[in-house]
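>>> coords below, sequence missing:
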């Protein structure tokens, strides 16, 4: 089984093309049938948006950039291939507004592929709700659960007098004899061996290095804390107010499905200290989400499907992008109630973030200031796609457990626990 | 964060925030449009003297007033306010996004509303009138309606209510669970006691913070009618002692409700089963008709528990075998069943940030279960609830509860189950799952038992703010 990759493609928009491109994305966003994302088998989520031209904090220009984000199952090549084949001229229409996109006779599949590949940028940190669960598996397991529910509800079946074991067996029989569910006769595959070995080595490597360097780490930490407090005291948080029109634009794209996209863009505070702190923190977060929070929950939040932090413009700016269940209000409240410290550690290095103390205190705990910060920095995403818009992360997890319960024998207690999932 | 709240200025807070006027059993709500600004201010100046403050417990009648964003603009406030009104209040209830969020689609779509929708006259002001009985109310309403004519105000509609009793139209004891405002005389369990700032602006909320509220520059208040802002110099406090009021007219289909319960519990070709019927209805509600919570009384109604409210779900009923996970009361107030750590104080704390103060009143003639089962549905006869709630933050309180707990078919791990009574959803499947051993019962293709007929977001100002509004431009 594959593992997921947070693919980020950033292409500079050609001079004078920003508005046309934005208009095109909005038009396409209103016509989902023009965007055959659904044909790409290994795609979970995708979004396209434009970062308009702006200036950095020293006044230097930053050109407009088209961003294409996708959460795909490995191999990435299969996704790029499918993207080019399935989108055809629509992809050309979009990318044609970018610098360096081939034209005329040079517009071959290889040239398109080379363009996309050359614009892939690294992701600082990527979170996956459940590492190694493919889009195909998620869709199949939703189908399985639906089929089992239908089977149980079919008239003529009275389950009231039957034991949990009997019902469990009946369901297994049904599934294993159902032609269309042939794939469900075997458990879901695990990620490739080489990949698991690589992850295992990575999991022990970082703590090992830290232990070996302990004296240096300690000295560095003391110096860092002193610098941190100096920065925190001297920085003056700006409190911008969101433009009502921007809020309307965001609202227009929200709550069409069981889940929503969230995209946040901001400047990194323009000091070396803050940039290094941010890189270090994101390094630690990467380790955490890769090896600790990799099976369904991010410190008590079970509603985030995918998330990523990405540096752009030579680390002068950064964006955060996620796919989450429910409404923006519930998402922001989850942040404040359950994830404030972790978000502070990252966010406090961003310009305009509510004031923090000791990196993790304060900040998002000032709920109103924090919500204000998010609103000001949130970007609308004119094109957004989900391969399973009706499934919450909890649903997906439950479906996987339903399937996992089809194999092997169960005690009556286990069978009863399993039946609760239906 | 946990310091004592400042003393509540009860004489400046409208009475509805402190009490539901249970002793004033008759009520009518006037929906009013402002047609001429100067005259409307004169009218408001007159009305200001009769507003009932929270410091008084009225024995004969009560008058409270609230405004929509358009109403405030027509009074000339718009240009004077330094932001601060909540975007939800300003944007209103019927934007395309709010329809999705609140589930106001299909039969609940604002196009079909009898007031507050795009096809009905704009509502600017809401006057809430309460009296001891029908005759007294009639006099009070007549007085207020008479006062409108010739004052640049037009009566758009009157929302009449049914004489107050403890039961809503489906026949269930209602209004049992209410948050208690810290600082008022009534006290109760910790889980239900909330910081005043959750409902009244200008006081610390459950985060220990002040919910944003509107101010005006001091130069715009030369007579110093408004309180001076304690920390922000040069500002006068327009929001202090105010609240946001949400009003929704919810129609209840009582015939449909009981006929569904009857059909779903009647064996094929068999006789009706009154016990199973009442039990199924109670499972949808989460309480028995008396009010006894299923979490405490799983087998049968128990009058002794009719007011029981100090309980949780995690301990007695984590799996929903007693009170289904998707039942109405379990999602409107999940108590201790929320993440993180269900069953803990932490869980309750999360829930405390999403409470509302309910002040609704029923409307339309009573139709009891037997009558509903024996007669045909009369589509012209309407009954339901004028749902009223107060909160300081519409997005975090009312809208959150409506969307994330009531409407969301995926609430706490469910799939296709919106609230069986008042959940609005755009999705085709409407199911209700009754968790059980060995297997759940899943009711599919549930009809809608309620629909939305009107609604709006209002600002319920403090008394000084009302005088200020009446005095703008003079």
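That came through, no problem. Quick caveat: nothing in here was measured; it's all calculated off a predicted structure.

>>> mind listing the helices for chain B?
For chain B, applying DSSP state H gives helices covering B:37-48, B:69-74, B:87-91, B:96-102, B:134-148, B:254-265, B:274-285, B:314-317, B:328-332, B:345-352, B:369-374, B:400, B:463-471.

>>> go on, the stretch 251-400 of chain A?
A:272-291, A:328-338, A:340-347, A:367-377, A:393-404 (DSSP state H, counting those that start in this stretch).

>>> What is the shortest one packed up against?
Other helices and strands packing on helix A:340-347, by 3 or more CB pairs under 8 Å, 6 or more residues apart in numbering or on different chains; DSSP states H and E, are helix A:272-291, strand A:361-362. C-beta coordinates here come from the backbone N, C-alpha and C atoms, glycine included.

>>> one step back: make a markdown table out of the helices of the stretch 251-400 of chain A and add mean neighbour count.
Output for the helices of the stretch 251-400 of chain A, formatted as a markdown table (neighbours: other CB atoms under 10 Å in any protein chain shown):
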| stretch | mean neighbour count |
| --- | --- |
| helix A:272-291 | 17 |
| helix A:328-338 | 21 |
| helix A:340-347 | 22 |
| helix A:367-377 | 21 |
| helix A:393-404 | 21 |
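
>>> Between these, which one is closest to residue A:302.
helix A:393-404 (5.8 Å; CB to CB).

>>> any residues touching the next helix or strand after the closest one, and which ones?
Sequence order places helix A:412-419 as the next helix or strand after helix A:393-404, per DSSP states H and E. Applying CB atoms under 8 Å, 6 or more residues apart in numbering or on different chains, the contact partners of helix A:412-419 are A:163-165, A:167-168, A:401-402, A:405, A:410, B:437-440.

>>> Am I right that residue B:31 is in contact with residue B:128?
No - judged on CB atoms under 8 Å, residue B:31 makes no contact with residue B:128 at a distance of 10.7 Å.

>>> Show me which of the two is the more surrounded one.
residue B:128 (27 against 24; other CB atoms under 10 Å in any protein chain shown).

>>> need the contact list for that one.
B:16, B:27, B:29, B:30, B:62, B:63, B:64, B:65, B:66.

>>> Out of the helices of chain B, which is closest to chain A?
Of all the helices of chain B, helix B:96-102 sits nearest to chain A, with 3.9 Å by CB to the nearest CB.

>>> Next one: the closest one, is it in contact with chain A?
Yes - interface with chain A: helix B:96-102 contributes B:96, B:97, B:100, B:101 (CB under 8 Å from any CB of the partner chain).

>>> does the third one really touch residue B:426, like I thought?
Yes - Residue B:100 is in contact with residue B:426 according to CB under 8 Å; the separation is 7.0 Å.

>>> More neighbours: which of the two?
For residue B:100 and residue B:426, the more surrounded residue by other CB under 10 Å is residue B:100, and the numbers stand at 21 against 15.

>>> Just list the residues touching that one, thanks.
Counted by CB under 8 Å, 6+ apart, residue B:100 has contacts A:254, A:255, A:256, B:426.

>>> my guess is the second one meets residue B:96, correct?
No - proximity of residue A:255 to residue B:96 does not meet the contact threshold set by CB under 8 Å, at 9.9 Å.

>>> the more surrounded of those two?
residue A:255 (22 against 11).

>>> thinking again about what came up before, of the helices and strands packed on helix A:340-347, which is nearest residue A:106?
Using CB to CB, the helices and strands packed on helix A:340-347 put helix A:272-291 closest to residue A:106, at 38.0 Å.

>>> Need the contact partners of that closest one.
By CB under 8 Å, 6+ apart, helix A:272-291 touches A:124-128, A:131, A:199, A:202-203, A:206, A:224, A:227-228, A:231, A:268-269, A:298, A:309, A:315, A:318, A:342, A:345-346, A:349-350, A:359.

>>> Figure out which of the helices of the stretch 251-400 of chain A is closest to residue A:172.
helix A:393-404 (11.1 Å).

>>> Counting by contacts, list what the closest one packs against.
Looks like helix A:393-404 contacts helix A:135-153, strand A:304-312 (3+ CB pairs under 8 Å, 6+ apart).

>>> Recalculate using a threshold of 6 Å.
Judged by 3 or more CB pairs under 6 Å, 6 or more residues apart in numbering or on different chains; DSSP states H and E, helix A:393-404 is in contact with helix A:135-153.

>>> What's the local residue count around the closest residue to residue B:260 other than its chain neighbours?
With CB to CB, 6 or more residues apart in numbering or on different chains as the criterion, residue B:260 has its nearest non-adjacent residue at 6.2 Å, and that residue is residue B:447. Residue neighbour count, defined by other CB under 10 Å, stands at 11 for residue B:447.

>>> Quick check: pLDDT value at residue B:447.
The model reports residue B:447 with a pLDDT of 94.

>>> just for chain B, where's the confidence low?
When residues are selected by pLDDT under 70, those of chain B lie in B:1-5, B:83, B:231-232.

>>> quick one on the thing from earlier: tell me the one of the contacts of residue B:100 nearest residue A:372?
Closest to residue A:372, out of all of the contacts of residue B:100 and judged by CB to CB, is residue A:254, at 17.6 Å.

>>> now the nearest residue to that closest one once chain neighbours are set aside: how far from residue A:126?
In space, and not counting its chain neighbours, residue A:254 is closest to residue A:260: 5.3 Å by CB to CB, 6+ apart. Counting by CB to CB, to the nearest Å, the gap from residue A:260 to residue A:126 is 19 Å.

>>> can you map out the strands along the stretch 301-450 of chain B?
For the stretch 301-450 of chain B, the strands defined by DSSP state E, counting those that start in this stretch occupy B:357-358, B:361-363, B:384-391, B:432-434, B:441-443, B:450-460.

>>> Could you do the stretch 101-250 of chain B as well?
B:125-131, B:153-160, B:180-181, B:193-194, B:215-217, B:235-237, B:243-252.

>>> likewise the stretch 101-250 of chain A?
Ranges of strands in the stretch 101-250 of chain A, per DSSP E, counting those that start in this stretch, are A:125-128.

>>> Contact distance from chain B - what residues of it qualify?
A:153, A:159, A:164, A:167 (CB under 6 Å from any CB of the partner chain).

>>> switch the cut-off to 7 Å
Proximity of the stretch 101-250 of chain A to chain B, by CB under 7 Å from any CB of the partner chain, involves residues A:149, A:152, A:153, A:159, A:162, A:163, A:164, A:167, A:241, A:244, A:247.
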